[in-house]
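Colleague: Fold the following and give me the result.
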Amino acid sequence: MNEKKQKDYCFVKEKTKKVPVNRRNLGSKVGLAAFCGAVFTAVCLGIFLTDSAVESKVIKENADVSLGSHTQEQTEKEQSVIRESMSREEYEALETRLYEIGENAGKSVVDIECVTKDTGWFEDTADIGEGSGIIIGDNGSEVLILTEENLISEARKIQVTFNGTETVAARLKAQDENTGLAVICTDKKDISSEIVKEIRQTPVSSVPVQAGDPVVAVGSPDGTVGSVLTGQILTGDQMISLADANYRILTTDLVAPSTGSGVLLNTDGEIAGVITHRYTPAEAESEIAAIPADELEDLLSNLLKGRSVPYLGIHIHAVTEDVAAEYELPAGLYIQSVDWESPAMLAGLQSGDVLVKINDTSIDTEEALTGFLKEAYANQRVTITVERMGRDGTYQKVVCKTSLDTME
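Modeller: Down below sits the predicted model:
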């Protein structure tokens, strides 16, 4: 085959004649495909919205239970609120005032040492946990100290050191695993008269704090007992859902390790929040968060009396009038989830139930539930009435019985 014919048969040299495009036919096909896609999307979206409409509406109307993080831009903007409204001299005076509050609060801060493992047969050693607490009460015979539940939960021996000089034995008064708080106490007769005169108790504030308020973190906020940090509240409207209650969470611009603990003080030297790392957003895990003290008043009052509040074990949201009307829901508390092995689970309560009554008490608000539990006691037998949706889509009353327990 000569060179010319060889080139004519080479594949890469072949030319394929293109079929002319039928634009009218192509437009019809594209339109049909777009229409089918839109119908498919609408159907999928409709199914999703129908399944989750009631729950999402209830949650949106009441509280955002997921903690979001604030961006650096938001943080800088929030921090500038105070700084832009104050002169340099005023800002320095505020910082000085905050540190003075922190130093004065040091008389309320104590070192806590817990032995969680007895001395072994052959080794003279023990597991020791260390932390801090703050004095918040004095009942005449005991000094009452607020601390973290996980510090003392497994302790076989607790010691408290006042002013870094005098160490005395302490014991657990009451604890609440739900919030992670505990109160321990020491007998005043075991404390020298000199130390009794020096120590102070820090009052708990009943006034809510707001974004922009300056605060002082004391206790061991940076992981060291006696440390003091100053800053301000960034947000105070985020919510968390705990068993039987929803709480606000305060976020701050205070950066500290997860080993830090203690409380936030306001400019009056009162406890404005209790530091927690349990519910800090993962994206902001190095920033201090706290549960507002004004929302813990009833709980702290019970702990100071040595009384652990019983729990039911449900995560709830109030059914507002708008939601009830739109979705034909009964008035009460919508149960979003039920804790594993809780009294609620043992009673047979389910996600999607609406709690309406405990014994003869109507439960239509969060306050009604917490109020009932505040007056209840461990092992109390209760009758719970809920509204549960049947297969026909209507709600029917279901009566359950269980015994309340304490979360310890």
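Colleague: which stretches of the stretch 51-200 of the chain form helices?
Modeller: Remark: helices assigned in the stretch 51-200 of the chain by DSSP state H, counting those that start in this stretch are 72-84, 88-105, 149-152, 193-198.
Colleague: can you check the stretch 201-350 of the chain too?
Modeller: With DSSP H, counting those that start in this stretch as the criterion, the stretch 201-350 of the chain has helices at 297-304, 321-327, 343-347.
Colleague: And those helices, which one averages the lowest pLDDT?
Modeller: Mean pLDDT per stretch puts helix 321-327 lowest among the helices of the stretch 201-350 of the chain, at a mean of 85.
Colleague: in that helix, what's buried?
Modeller: Within helix 321-327, the residues that qualify as buried are 323-324, counting by 16 or more other C-beta atoms under 10 Å. Just so you know, the C-beta spots here come from the backbone N, C-alpha and C atoms, and that holds for glycine as well.
Colleague: Check which helices and strands it is in contact with.
Modeller: If you count contacts as 3 or more C-beta pairs under 8 Å, 6 or more residues apart in numbering; DSSP states H and E, helix 321-327 packs onto helix 23-62.
Colleague: tell me the mean pLDDT over the helix it packs on?
Modeller: 49.
Colleague: Could you do stretch 249-257 as well?
Modeller: 89.
Colleague: From the chain's centroid, how far away is it?
Modeller: 13 Å (C-alpha atoms, centre = their mean, to the nearest Å).
Colleague: now swap in stretch 91-109 and tell me
Modeller: Worked out by C-alpha atoms, centre = their mean, stretch 91-109 lies 27 Å from the chain centre.
Colleague: neighbouring contacts of it?
Modeller: When contacts are defined by C-beta atoms under 8 Å, 6 or more residues apart in numbering, stretch 91-109 is touched by residues 82-83, 86, 132-136, 163, 198-202, 214-216, 218-219, 225-226, 228, 230, 262, 265, 267, 269.
Colleague: surely Glu265 meets Ile271?
Modeller: I think there's a mix-up here, since residue 265 is Leu and not Glu. Yes - with contact defined as C-beta atoms under 8 Å, Leu265 reaches Ile271; the gap is 6.3 Å.
Colleague: any shared contact partners between these two?
Modeller: Thr202.
Colleague: between the two, who's got more neighbours?
Modeller: Leu265 (30 against 26; other C-beta atoms under 10 Å).
Colleague: Would you mind measuring from that one to Val109?
Modeller: 11 Å (C-beta to C-beta, to the nearest Å).
Colleague: Then Arg248?
Modeller: 25 Å.
Colleague: just Pro257 next, same as before
Modeller: In terms of C-beta to C-beta, Pro257 sits 18 Å off from Val109.
Colleague: now swap in Thr165 and tell me
Modeller: 13 Å.
Colleague: for Val168, same thing?
Modeller: According to C-beta to C-beta, Val168 stands 15 Å off from Val109.
Colleague: to the chain's geometric centre, what's the distance from the strand or helix carrying Val386?
Modeller: Assessed by DSSP states H and E, Val386 sits inside strand 381-389. Strand 381-389 sits 27 Å away from the centroid of its parent chain (C-alpha atoms, centre = their mean).
Colleague: any residues touching the helix or strand following it, and which ones?
Modeller: Heading C-terminal from strand 381-389, the first helix or strand you meet, by DSSP H and E, is strand 395-403. Strand 395-403 is contacted by residues 312, 329-330, 343-344, 346-349, 353-354, 356, 379-390 when judged by C-beta under 8 Å, 6+ apart.
Colleague: what's the answer for stretch 372-387, then?
Modeller: Outside stretch 372-387, the residues that reach it (C-beta under 8 Å, 6+ apart) are 244, 298, 302, 308-312, 329-330, 332, 335, 344, 347, 349, 353-359, 361, 363, 395-406.
Colleague: what's the span of that stretch, first residue to last?
Modeller: End-to-end distance of stretch 372-387: 19 Å, with C-alpha to C-alpha, to the nearest Å as the criterion.
Colleague: Give the buried residues for it.
Modeller: Those buried within stretch 372-387 under the rule 16+ other C-beta under 10 Å are 372-373, 376, 382, 384-387.
Colleague: Which pair of those spans the longest distance?
Modeller: Ala376 and Glu387 (21.9 Å; C-beta to C-beta).
Colleague: low-confidence ranges in the stretch 301-408 of the chain?
Modeller: 408 (pLDDT under 70).
Colleague: and for Leu265 and Val109, which residues touch both?
Modeller: Here Leu265 and Val109 have Val218 as joint contacts, going by C-beta under 8 Å, 6+ apart.
Colleague: Which residues are in contact with Asn150?
Modeller: Here Asn150 is in contact with Gly180 (C-beta under 8 Å, 6+ apart).
Colleague: right, and Met345 touches Asp339 too?
Modeller: Yes - contact criterion C-beta under 8 Å: Met345 and Asp339 qualify, at 6.6 Å.
Colleague: Overlap in contacts, the two.
Modeller: The contact lists of Met345 and Asp339 share Gly313, where a contact means C-beta under 8 Å, 6+ apart.
Colleague: just to revisit the earlier point, neighbour count: Arg248 and Val109, which is higher?
Modeller: Val109 (27 against 19).
Colleague: Quickly list what the more buried one is bridged to.
Modeller: Ile134 (DSSP bridges).
Colleague: any idea how far Glu148 is from it?
Modeller: If you go by C-beta to C-beta, the gap between Val109 and Glu148 works out to 14 Å.
Colleague: ditto for Ile158
Modeller: 12 Å.
Colleague: what do you get for Glu142?
Modeller: 19 Å.
Colleague: so who does Gln159 touch?
Modeller: 112-114, 167-170.
Colleague: ChimeraX command to pick out the buried ones of these?
Modeller: In ChimeraX syntax, the buried subset of the contacts of Gln159 is picked out as below (16+ other C-beta under 10 Å):
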select :112,113,114,168,170
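Colleague: Farthest pair within the contacts of Gln159?
Modeller: Cys114 and Val168 (14.0 Å).
Colleague: number of nearby residues for the closest residue in space to Leu264 that isn't next to it in sequence?
Modeller: Nearest non-adjacent residue to Leu264, counting by C-beta to C-beta, 6 or more residues apart in numbering: Gly273, 4.0 Å away. Neighbours of Gly273 under the rule other C-beta under 10 Å: 30.
Colleague: gap between Gly273 and Glu149?
Modeller: 17 Å.
Colleague: before we move on, what about Thr235?
Modeller: Counting by C-beta to C-beta, the gap from Thr235 to Glu149 is 25 Å.
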